[in-house]
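Peer 1: Dropping a prediction and its sequence here:
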Amino acid sequence: MKQAENLAVTVIAKQFNGAGNVLLTLASASGHPLPVFTPGAHIDVTIPDCGKRQYSLCSAAGEAHYQVCVRLDQASGGGSRWLHHQVQTGTRLTISAPRNHFPLPEAPRTLLFAAGIGLTPLLVMAEHLAAQNAEFTLHLFLKRHDELPFSARLDQLGSRVVLHYSSEGDSLRQRVPEDLKVAHNSVLVSCGPAGFMEHLHQLAQQHGWRDDQLHSEKFKPDVTTQSIAGDVFTVEIASSGARHTINADESIAEVLERAGIDIELSCEQGMCGACITGVLSGEPDHRDEVLSKKERAANDCIVLCCSRARTPLLVLDL
Ligand code: FES
């Protein structure tokens, strides 16, 4: 497996950040500055015995350290539990350099809709928009008041932040925010669980938003679309002309790795974008959660860890 650039960091602070969340502040262990990132970027964190987990970077602009906010997920494979219970100030971690597959789109008006800890990338976007005096509103949906993360930074954004608590009857299902009823000259950027965003996008479409105005990032893969199984097909490596058969229960990444071809892999769930590869001919069967609708429609790239082919042959730009 081809490795993404790894960075050694030290946890220099671990703080409570709303019920169920910890905020980890990471400093470069080498003393070299950490790479600059753009709003929406994430890093992979290597967790012992669990592999890599992706977390959005949520440090404020100009901050020399990285920050990630981790929600304790009891149903997870153990990554969040390890970060909550085993990591302390002084713990060394290995992380990847930042990647950004969720960049902030440009528009005269931006609506940011976050559910729970989906706030992390959108908070950085909101602060970026505020620094530019851009027109935006950040809607944050939580169950209860004690879940509120980043309260001081949200306070700084003032009236451009609207908090919604479902415990008070203010959820997206119960009340549609007025600004969501206006689509003109706007983009809608959202992050949260799949169900939240499906409902949000349905509402948006009912109010005239087009697909190309909707930008989102889910927390977790939609398991119903993540099966890698499907028909047998062939991939061709453009640089060598070598052909490889992808059997019904194998991913393209698995087969190519076995053949000794370097593929950058990280989440292996179609979420992080590490394995996105160009497609020179053939039509991909996209099963990832990382490409936008526009990127999928272009059919000129594929996520090798989970996607398949609609045509018998795919020629990969490798
Ligand atoms: S390895 Fe993360 S999308 Fe393929």
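Peer 2: Yes, it's here.

Peer 1: Pull the contacting residues for Pro108.
Peer 2: Counting by Cβ atoms under 8 Å, 6 or more residues apart in numbering, Pro108 touches Glu135, Asn185, Ser186. (C-beta placed from N, C-alpha, C; glycine too.)

Peer 1: So the residue nearest the centre of the chain versus the ligand, what's the distance?
Peer 2: In the chain, the centroid-proximal residue (Cα atoms, centre = their mean) is Glu217; its distance is 5.0 Å. Glu217 sits 13 Å away from the ligand, going by Cβ to the nearest ligand atom, to the nearest Å.

Peer 1: tell me how far whichever strand or helix holds that residue is from the chain's mean position?
Peer 2: Here Glu217, judged by DSSP states H and E, is contained in strand 214-218. How far strand 214-218 lies from its chain's middle: 9 Å, per Cα atoms, centre = their mean, to the nearest Å.

Peer 1: Would you mind listing the buried residues in the helix or strand just after it?
Peer 2: Moving toward the C-terminus from strand 214-218, the next helix or strand (DSSP H and E) is strand 233-237. Neighbour counts using 16 or more other Cβ atoms under 10 Å place Phe233, Val235, Glu236, Ile237 of strand 233-237 among the buried residues.

Peer 1: what helices or strands is strand 233-237 leaning on?
Peer 2: In this structure, strand 233-237 makes packing contacts with strand 243-246, helix 252-258, strand 308-309, strand 313-316, judged by 3 or more Cβ pairs under 8 Å, 6 or more residues apart in numbering; DSSP states H and E.

Peer 1: please redo it, this time with the cut-off set to 6 Å
Peer 2: Applying 3 or more Cβ pairs under 6 Å, 6 or more residues apart in numbering; DSSP states H and E, one finds that strand 233-237 contacts strand 243-246, strand 313-316.

Peer 1: Now the last one: buried residues?
Peer 2: Meaning strand 313-316. Within strand 313-316, judged by 16+ other Cβ under 10 Å, the buried ones are Leu314, Val315, Leu316.

Peer 1: Tell me the one among these nearest to the ligand.
Peer 2: Leu316 (13.7 Å; Cβ to the nearest ligand atom).

Peer 1: ok, the residue of the chain most remote from its centre to the ligand distance?
Peer 2: Centroid-distance maximum for the chain: Gly241 at 33.6 Å, with Cα atoms, centre = their mean. Distance, Gly241 to the ligand, by Cβ to the nearest ligand atom: 24 Å.

Peer 1: now swap in His207 and tell me
Peer 2: Taken as Cβ to the nearest ligand atom, the span from His207 to the ligand is 32 Å.

Peer 1: quick one, helices of the stretch 151-300 of the chain?
Peer 2: Along the stretch 151-300 of the chain, the segments classed as helices by DSSP state H, counting those that start in this stretch run 151-156, 194-206, 252-258, 293-298.

Peer 1: quick one, which of those is packed in tightest?
Peer 2: helix 252-258 (a mean of 19; mean count of other Cβ atoms under 10 Å).

Peer 1: Which neighbouring elements make contact with that one?
Peer 2: strand 243-246.
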